[in-house]
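S.K.: Need coordinates for the below:
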Amino acid sequence: MAHTQRSEMAFARRQRILEAAAEVFAERGFSGAGVNEIARRAGVNKAMLYYHVGDKQKLYEEVVLGFLTQVHHQVRVGIAKAATPVDKLAAVHRAILELALERPNYPRIMLRELSLGGANLPPEVFRQMASLFATTREVVEEGMAAGQFRRVEPVIAHILLIGSVVFFANALRLRDRLGAAGAQLPGLDTVLQAAAQITHILLHGLAAPGQEGVVP
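M.R.: Got it, this is the predicted structure:
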């Protein structure tokens, strides 16, 4: 029993460290984040932080990989429940978007990395990102083969999926000030409904049926 309790306490402490690290990295970026600040927010000393996770680079890797692992799991679950390529692609987008809204520090981190060309991301993160892209490609190619999607480049579809998630999740941080400036915005209780509209627009476009026009 004592061993189990120690293991649970160690796991909980490690999670606190990673959550504090995600918060600091989101606020200050990799370069601006300090290990002392992360340790303080996690309620541990620096030696304990190094023991449970590692140095700043290891912290960053664990934070980003942890989120991507969740994304992969949720995407697989969503695809497994979907019957058609359209439903599968919607499930991919919804899974990533819901996680981004649930854990807003991560899209903030990814937006920083996009602006830096992924300068601080380790190779394993790029492998995970490539794997996620391969999933999107498979779904898009399945949809094109079934005649449910028009001919598109899967990498463009993937960029739209990920880009819409990262931008939308970060744009929510501007909501209060935009509202004060007179913008008509969805309320807090309709964020997921707004997100669902993004998914729908990505899949079907803005044009009404029969009004799509000619796309070069």
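S.K.: what residues does stretch 15-30 touch?
M.R.: Contacts with stretch 15-30, where a contact means C-beta atoms under 8 Å, 6 or more residues apart in numbering, come from 33-34, 37-39, 41-44, 49, 52-53, 56, 59-60, 62-63, 66-67, 103-106, 108-109, 112, 120. To be clear about C-beta, it is placed using only N, CA and C from the backbone, and glycine gets the same treatment.
S.K.: brain fart, stretch 191-200
M.R.: Stretch 191-200 has contacts (C-beta under 8 Å, 6+ apart) with 90, 93-94, 97-98, 101, 164, 168, 172, 186.
S.K.: among those residues, who's most crowded?
M.R.: Within these, residue 93 tops the neighbour count with 26 neighbours, counted by other C-beta atoms under 10 Å.
S.K.: re the thing from before, farthest pair within the contacts of stretch 191-200?
M.R.: Greatest spatial distance in those: 90 and 172, 20.7 Å, computed using C-beta to C-beta.
S.K.: Give me the number of neighbouring residues for residue 20.
M.R.: Counted with other C-beta under 10 Å, the neighbours of residue 20 add up to 21.
S.K.: To clarify, my last question referred to residue 146.
M.R.: So residue 146, with other C-beta under 10 Å, has 11 neighbours.
S.K.: could you measure it against residue 164, distance?
M.R.: To residue 164, residue 146 is 23 Å away according to C-beta to C-beta, to the nearest Å.
S.K.: rewinding a little: and the contacts of stretch 15-30, which are buried?
M.R.: Among those, those classed as buried by 16 or more other C-beta atoms under 10 Å are 33, 37-39, 42, 44, 49, 52-53, 56, 59-60, 62-63, 66-67, 103-106, 108-109, 112, 120.
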